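> pasting a predicted model and its sequence here:
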Amino acid sequence: MAGSVPSYWWGNHKQTYRQETDGGYIWSPKTRKGDRKNHTYDNLTRYQRGNVVFSHANGRISQLGLV
């Protein structure tokens with residue numbers, strides 16, 4: 001990735017915030033209620049090494065992550 005500009009992502013965390021941040025990963029269900037497509041999951045598949053993730057939980061940006 002030398003010379004490329006990193007992408008930035010915004011991650012909203014709810015029930016699994018503590019598990020994700022303690023474990024060093026981001027998780028999202030593949031589908032929503034009613035087996036509907038989850039666009040958050042689709043975006044997770046677009047993350048690439050070197051991307052920056054702003055993790056938002058409980059009304060504030062609480063973590064910064066690097067893919």
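Looks like it arrived, so ask away.
> quick one: the helices in the chain, in order.
In the chain, the helices defined using DSSP state H lie at 17-23, 39-44.
> residues contacting stretch 13-28, please?
For stretch 13-28, contacts defined as C-beta atoms under 8 Å, 6 or more residues apart in numbering pick out 11, 38, 40-41, 44, 47, 53, 55-58, 62-63, 65. For every residue, glycine as well, the C-beta is placed using N, CA and C.
> of those, just the buried ones, PyMOL syntax please.
Filtering these down to the buried ones (16 or more other C-beta atoms under 10 Å) takes a single PyMOL command:
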select buried, resi 11+44+47+53+55+57+65
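> can you redo the contacts of stretch 13-28 as JSON lines with distance to Pro29?
As requested, those are exported to JSON lines (distance: C-beta to C-beta, whole Å):
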{"residue": "Gly11", "distance to Pro29": "14"}
{"residue": "Asn38", "distance to Pro29": "6"}
{"residue": "Thr40", "distance to Pro29": "8"}
{"residue": "Tyr41", "distance to Pro29": "7"}
{"residue": "Leu44", "distance to Pro29": "10"}
{"residue": "Tyr47", "distance to Pro29": "16"}
{"residue": "Val53", "distance to Pro29": "18"}
{"residue": "Ser55", "distance to Pro29": "17"}
{"residue": "His56", "distance to Pro29": "18"}
{"residue": "Ala57", "distance to Pro29": "17"}
{"residue": "Asn58", "distance to Pro29": "20"}
{"residue": "Ser62", "distance to Pro29": "21"}
{"residue": "Gln63", "distance to Pro29": "20"}
{"residue": "Gly65", "distance to Pro29": "19"}
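> show me the contacts of stretch 13-28 that map onto strands.
Residues of the contacts of stretch 13-28 located in strands (DSSP state E): 11, 53, 55-57, 62-63, 65.
> re earlier: compare the helices of the chain and say which comes out lowest on pLDDT.
Between the helices of the chain, the lowest average pLDDT goes to helix 39-44, which shows a mean of 86.
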